[in-house]
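1. Okay, predicted coordinates and the sequence, questions at the end:
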Amino acid sequence: MASPTSALPSVTGGAILQIALQHVGEKYVLGIQVPKDNPNWKGPWDCAEFVSWSVFQAARMLYGCDKDTAAPASADAYTGYWERDSLNFGRIISLDEAARTAGAAVLRFPQVGASGHIVLSDFSTTGDGLIAALQVLAEVVHTGKPVSEVCHVFDAVPQVLRNVKTGEGKPLENNYVKQAIAEAMSRLGEGGRLVIRPSGTEPLIRVMAEGDDETLVHRLVDDLCRAIERAVV
């Protein structure tokens, strides 16, 4: 668990939390980039972007971003960068202490192939599969609906995720790669989304595409991976 406020001596975790609470219920979009210096932003939010935006609004400094010295309007927040900053500037605390600390950031450091957790704070401060299962069953009993209906909250679309090894280079700054990304976004249009970003823990570029057209999704990821590999060589 990371407490970022040790790197922000003039700002309390509670102050960050109060800013964040004003935006509960706003739209979430994985991978969306948020201008940290826009106090009037009302979503959509990516989880890491939301917390980094809240920190910037409270402290006027970047935290958990690719480059914490970058322009706040374009700085890219990510869980992996939160891991980096929490280890370098923050303080790692126990789950029990985090549960008692307003504004503590509960991080699951990203690992390839790792599973996530469901934390139900009314009952526990950590992920617990048994509690999660019981809560799902409680909802089934409460609604009188079958599990297949209760758990069907969205229709999944085809998604492809691949990693490209990069070494020490920064291929996303390559003009050829930028053009390939722009063309892929144009081809995908409103029928899906792309998330292309460096890993926060490994020398990789993660390329993810999803959309209604599975053939197109695979083709776009193939094309983008080739463009990045070309820039790395």
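-> Received it, and whenever you're ready, just let me know what you need. As the structure is a computational prediction, the values presented were derived from the model and not from experiment. Numbering: from 1, shown residues only.
2. for this protein, longest helix please?
-> Secondary structure of the chain per DSSP state H: the longest helix is helix 214-232.
3. which residues are contacting that one?
-> Among residues not part of helix 214-232, those counted as contacts by Cβ atoms under 8 Å, 6 or more residues apart in numbering are 158-162, 164-167, 169, 171-172, 174, 176-177, 180-181, 184, 187-188, 191-192, 194, 196, 205, 207-211. In short, each C-beta sits where N, CA and C put it, glycine included.
4. same thing with stretch 148-160?
-> The contact list for stretch 148-160, computed with Cβ under 8 Å, 6+ apart, reads 136, 139-140, 143, 192, 208-214, 217-218, 221.
5. how about a cut-off of 7 Å?
-> 136, 139-140, 143, 192, 208-212, 214, 217-218, 221 (Cβ atoms under 7 Å, 6 or more residues apart in numbering).
6. Most neighbours among these, please name it.
-> Within these, most neighbours by other Cβ atoms under 10 Å means Ala209, with 26 neighbours.
7. so what's it bridging to?
-> With DSSP bridges applied, Ala209 shows beta-bridge pairing to Val160, Leu194.
8. now it: how far from Arg162?
-> 9 Å (Cβ to Cβ, to the nearest Å).
9. For the closest residue to Val195 other than its chain neighbours, what are phi and psi?
-> Excluding the flanking residues, the one nearest Val195 by Cβ to Cβ, 6 or more residues apart in numbering is Gly31, at 3.6 Å. Main-chain dihedrals, Gly31, degrees, to the nearest 10: phi 90, psi 0.
10. Pop the domain breakdown of the protein in here.
-> In terms of domains, the chain is parsed into 2-99, 117-153, 159-232 (source: automatic domain parsing).
11. By mean pLDDT, show me the worst of those.
-> Ranked by mean pLDDT, the domains of the chain bottom out at domain 117-153, which scores a mean of 79.
12. Can you report phi and psi for the spatially most distant residue from the centre of the chain?
-> Ranked by distance from the centre of the chain (Cα atoms, centre = their mean), the top residue is Gly144, with 34.1 Å. Per-residue torsions, Gly144: phi 70, psi 10 (degrees, to the nearest 10).
13. what's the spacing between it and Ala138?
-> According to Cβ to Cβ, Gly144 and Ala138 sit 12 Å apart.
14. Helix, strand, or coil at Arg206?
-> Under DSSP: H, G, I helix; E, B strand; the rest coil, the three-state class of Arg206 is strand.
15. From what I see, it and Asn163 are in contact.
-> Yes: if you go by Cβ atoms under 7 Å, Arg206 and Asn163 touch, sitting 5.7 Å apart.
16. could I get the longest helix of the chain in CSV with only the CA atoms?
-> Extracted C-alpha coordinates of helix 214-232, given in CSV (Å, rounded to 0.1, in the frame of the first residue of the first chain):
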residue,chain,number,x,y,z
GLU,A,214,-12.8,-9.2,-35.0
THR,A,215,-11.0,-9.5,-38.2
LEU,A,216,-10.2,-5.8,-38.3
VAL,A,217,-9.1,-5.8,-34.6
HIS,A,218,-6.5,-8.6,-35.3
ARG,A,219,-5.3,-6.8,-38.5
LEU,A,220,-4.9,-3.5,-36.7
VAL,A,221,-2.9,-5.0,-33.8
ASP,A,222,-0.7,-6.9,-36.3
ASP,A,223,-0.1,-3.7,-38.3
LEU,A,224,0.7,-1.6,-35.2
CYS,A,225,3.1,-4.2,-33.7
ARG,A,226,5.0,-4.3,-37.0
ALA,A,227,5.2,-0.6,-37.1
ILE,A,228,6.6,-0.5,-33.5
GLU,A,229,9.0,-3.3,-34.2
ARG,A,230,10.3,-1.4,-37.3
ALA,A,231,10.9,1.6,-35.1
VAL,A,232,12.8,-0.4,-32.5
